[in-house]
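1. the sequence isn't on hand, but the structure is:
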């Protein structure tokens, strides 16, 4: 039985990390040919080797998202293979600090990688996508509210939410859908490195009383990228165990 993305090509920018790898696995299982881009090419190659079991070829490419020319080249290469889907998952964070104590270097790094990197990637992707294509940005619930001590990260994620909604309006006439997934507390990255009791405590703040898994974020990305979401654009889909239902 063919998967929902059979015959389609998907570029994943930021394919490393727990969520990035889960997205690659989900789109691979759904039948997409993948172009996997990230800084760490060794990890990318290991992921591509794992995905070979599906029988669908994938390609890896090293990428620093702050390099505009490199971004353009990666998108151009994916477009040459008939790019239908682009997933933007690259980002950076910083140590918690009140805004007045946040270093300019940390702020610049987070805004450059997370916001400007996504903006430039989307500019190239929107020009290269086939009509009827799909972009899915991975943001955060921090892009929908405040988070103490995380001013630059919150500002960057809010910015990507704004890019998502505006691009959805600008490119609707080409049938290009632009959406985002906003994960809450996910058992990945820094959280995954915590002791079990800390992870349980973090998970307890969600109404579902647990952490989310990277594969649950990937499932949301897959749905938004697929024809099943053909009438959905400009949407920010939260995967947060119900925390957002509490409001402010």
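-> Right, received. Where do you want to start? Computed from a predicted model, the values in this text were never measured in an experiment.
2. use CA for all of it now, contacts and neighbours both
-> Noted.
3. how far out from the middle of the chain is the worst-scoring helix or strand of the chain on mean pLDDT?
-> Within the chain, no helix or strand scores below helix 189-192, which has a mean of 87 by mean pLDDT, DSSP states H and E. Relative to its chain's centre, helix 189-192 lies at 16 Å (C-alpha atoms, centre = their mean, to the nearest Å).
4. let me know how buried residue 98 is, in neighbour terms.
-> 11 (other C-alpha atoms under 10 Å).
5. any idea how far the closest residue to it other than its chain neighbours is from residue 116?
-> Computed as C-alpha to C-alpha, 6 or more residues apart in numbering, the closest residue to residue 98 that is not its neighbour in sequence is residue 149, at 4.6 Å. According to C-alpha to C-alpha, to the nearest Å, residue 149 stands 21 Å off from residue 116.
6. so for those two, which sits in the more crowded spot?
-> Counted by other C-alpha under 10 Å, residue 149 and residue 116 do not tie: residue 116 has more neighbours, with 20 against 17.
7. surely that one is in a helix?
-> Yes. Residue 116 sits within a helix when classified using DSSP: H, G, I helix; E, B strand; the rest coil.
8. quick one: pLDDT of it?
-> Model confidence at residue 116, given as pLDDT, is 98.
9. give me the contact list for the biggest helix by length in the chain.
-> The helix that spans the most residues within the chain, counting by DSSP state H, is helix 151-170. By C-alpha atoms under 8 Å, 6 or more residues apart in numbering, the surrounding residues in contact with helix 151-170 are 92-94, 98-99, 106-107, 110-111, 114-115, 118-119, 137, 139-140, 142-147, 176-180, 233-236.
10. and those residues, which are buried?
-> By neighbour count, with 16 or more other C-alpha atoms under 10 Å, the contacts of helix 151-170 hold 92-94, 106-107, 110-111, 114-115, 118-119, 137, 139-140, 142-144, 176-180, 233-236 as buried.
11. ok, back up a step: how near is the residue nearest to residue 98 to residue 142?
-> Taken as C-alpha to C-alpha, the span from residue 149 to residue 142 is 11 Å.
12. residue ranges of the strands in the protein, please?
-> Secondary structure of the chain (DSSP state E): strands located at 9-13, 33-38, 58-62, 83-88, 134-138, 177-183, 236-239.
13. okay, those strands in CSV with distance to residue 199 and mean pLDDT next?
-> CSV is the format used below for the strands of the chain (distance: least, C-alpha to C-alpha, whole Å; pLDDT from 0 to 100):
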stretch, distance to residue 199, mean pLDDT
strand 9-13, 28, 97
strand 33-38, 27, 96
strand 58-62, 32, 94
strand 83-88, 26, 98
strand 134-138, 22, 98
strand 177-183, 16, 98
strand 236-239, 17, 98
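14. make a markdown table from those and add distance to residue 25 to it.
-> Output for those, formatted as a markdown table (distance: least, C-alpha to C-alpha, whole Å):
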| stretch | distance to residue 25 |
| --- | --- |
| strand 9-13 | 11 |
| strand 33-38 | 10 |
| strand 58-62 | 11 |
| strand 83-88 | 13 |
| strand 134-138 | 16 |
| strand 177-183 | 17 |
| strand 236-239 | 18 |
